[in-house]
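S.K.: Give me coordinates for this.
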Amino acid sequence: MIRRIAGAVRPPDGPYDADIVILALDRAEETVAAIRSALAQTGVSRHVTVLDQGSLAENLVCLEMAVAGRTDATLLRSDRNLGVAEGRNRASAFGHGRMIVGLDNDAAFATEDTLAGLVVALDRTPNLGAVACRILNDSTGTDDLTSWGYPRALLPHAAERFMTTTFVGAGHAIRREAWHAAGGYDPVLFFCWEEYDFCLRAIALGWRVQYRGDLVVRHKVAAERRVGWSGDRWFYFVRNRVFIGRKYGAGWLALVPRMAGYLLKGALNGLALKTIRALVAAMRMSREAERRPLPAQAVAYLGHHDTAHRESLIRRLRTDIAVRLGSEPAL
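M.R.: Reported below is the predicted structural model:
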């Protein structure tokens, strides 16, 4: 169950440009900063929706104070942690702005007109379904490599624009029309790869995704409540990516190299058992999911804007081994 805690009872009745969605789970200081950043956005009409998913009482009070008395922001609270995918679904459904803008609760817009830039980007290109922001590490001002969700070869172009096949959840915008057409996020994913899964469905319907290096979000990469790579993050990473491959038409034989690669990488990092658990879970999930083979135009789009920029699986595994042995910097 979701209930309102503070702020506006509902978004404006009439049309407005964007809903800014922030999911909260503790990290009170960072989340309040994210809310303030969202409320400081100018040049477009917007409503800020914060969905808390189980913060401690003292942290929830901080969030209440941040939106108390506001007519342009609402704090909602779920009775349980719904996960990133379903949490964003619920928070996005609360509003009806033309665009849905996602901001992590340990992130902030780099400038007060970043939101306006996202809205303009979508308005100017009718078939653009989503826009990905450039994510900078707030401490260093350099690209946040933990939030680089694109081929390694494109990293030198991080300040530029290019068409892509996904976006990073820390900062992005989705056209609500595309959101409804594609059906939002798949809640069974819970956490990790939900953006890629959504984009595949949107691309299959003819929508396009663009990375914009001129529209920046600064990411604090907060440790509190962060799912670490040595914990559940790796499990969800492997489970969901294999599940998505199967969901969109790949046969198990075609997925063997990917699964073998995950097993090797997991073993190198002391996560062999978690990797096996993740692969078994992916197989179970796949038995219940509807298969959605991608149309030819979507396959061509993926090939042109993603696969063409990626190294071979063998080369990527060699890089992972080199990183593990300390002979190459991690990316």
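
S.K.: Please count neighbours and contacts with C-alpha atoms only from this point.
M.R.: Will do.

S.K.: what distance separates the lengthiest strand in the chain from the middle of the whole chain?
M.R.: For the chain, the longest strand by residue count, based on DSSP state E, is strand 208-219. Taking Cα atoms, centre = their mean, to the nearest Å, one finds strand 208-219 lying 12 Å from the centre of the chain it belongs to.

S.K.: likewise stretch 233-251?
M.R.: A distance of 16 Å separates the centroid of the chain from that of stretch 233-251, by Cα atoms, centre = their mean.

S.K.: Go through it and flag the buried ones.
M.R.: 234-248, 250 (16 or more other Cα atoms under 10 Å).

S.K.: so how far is the helix or strand Val120 falls within off the chain centroid?
M.R.: Remark: Val120 resides in helix 114-124, with elements defined by DSSP states H and E. In terms of Cα atoms, centre = their mean, the centre of helix 114-124 is set 18 Å apart from its chain centre.

S.K.: buried sites along it?
M.R.: In helix 114-124, the ones that count as buried by 16+ other Cα under 10 Å are Thr114, Leu115, Ala116, Gly117, Leu118, Val119, Ala121, Leu122.

S.K.: Give the next helix or strand downstream of it.
M.R.: Next along from helix 114-124, by DSSP H and E: strand 128-137.

S.K.: List the buried residues in whatever helix or strand comes next after that next one.
M.R.: Moving toward the C-terminus from strand 128-137, the next helix or strand (DSSP H and E) is strand 161-164. Buried positions in strand 161-164, judged by neighbour count with 16+ other Cα under 10 Å: Arg161, Met163, Thr164.

S.K.: before we move on, the earlier item: which helices and strands does the helix holding Val120 pack with?
M.R.: Helices and strands touching helix 114-124, by 3 or more Cα pairs under 8 Å, 6 or more residues apart in numbering; DSSP states H and E, are strand 128-137, strand 171-175, strand 208-219.

S.K.: Please work out which residues outside it touch it.
M.R.: Residues from elsewhere that reach helix 114-124 (Cα atoms under 8 Å, 6 or more residues apart in numbering): 17-18, 41-44, 99, 101, 109, 128-131, 173, 175, 215-216.

S.K.: if you set the cut-off to 10 Å instead, what comes out?
M.R.: Contacts to helix 114-124, defined as Cα atoms under 10 Å, 6 or more residues apart in numbering, come from residues 17-18, 20, 38, 40-46, 98-101, 108-109, 128-133, 172-175, 209-210, 212, 214-217.

S.K.: Give me the buried entries from those residues.
M.R.: Buried among those (16+ other Cα under 10 Å): 17-18, 20, 38, 41, 45-46, 98-101, 108-109, 128-133, 172-175, 209-210, 212, 215-217.

S.K.: Among the buried residues of stretch 233-251, which one sits closest to Leu263?
M.R.: Nearest to Leu263 among these: Val238, at 9.4 Å, using Cα to Cα.

S.K.: Surely that closest one and Ile276 touch.
M.R.: Yes - between Val238 and Ile276 there is a contact at 9.3 Å, judged by Cα atoms under 10 Å.

S.K.: which residues do those two both contact?
M.R.: By Cα under 10 Å, 6+ apart, the residues touching both Val238 and Ile276 are Met259, Tyr262, Leu263, Gly266, Ala282.

S.K.: Phe198 and Ala182 touch, don't they?
M.R.: Yes - at 6.9 Å, Phe198 counts as touching Ala182 under the criterion of Cα under 10 Å.

S.K.: What's the end-to-end length of stretch 147-160?
M.R.: 16 Å (Cα to Cα, to the nearest Å).

S.K.: Ok, stretch 7-17 next?
M.R.: 19 Å.

S.K.: List the buried residues of that stretch.
M.R.: Gly7, Ala8, Pro11, Pro12, Tyr16, Asp17.

S.K.: Inside helices: which ones of the buried residues of stretch 233-251?
M.R.: 234-247 (DSSP state H).

S.K.: Need those residues in CSV (columns: distance to Ile203).
M.R.: Shown next, in CSV, are those (distance: Cα to Cα, whole Å):
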residue, distance to Ile203
Trp234, 26
Phe235, 26
Tyr236, 23
Phe237, 22
Val238, 23
Arg239, 22
Asn240, 19
Arg241, 17
Val242, 19
Phe243, 18
Ile244, 14
Gly245, 15
Arg246, 17
Lys247, 15
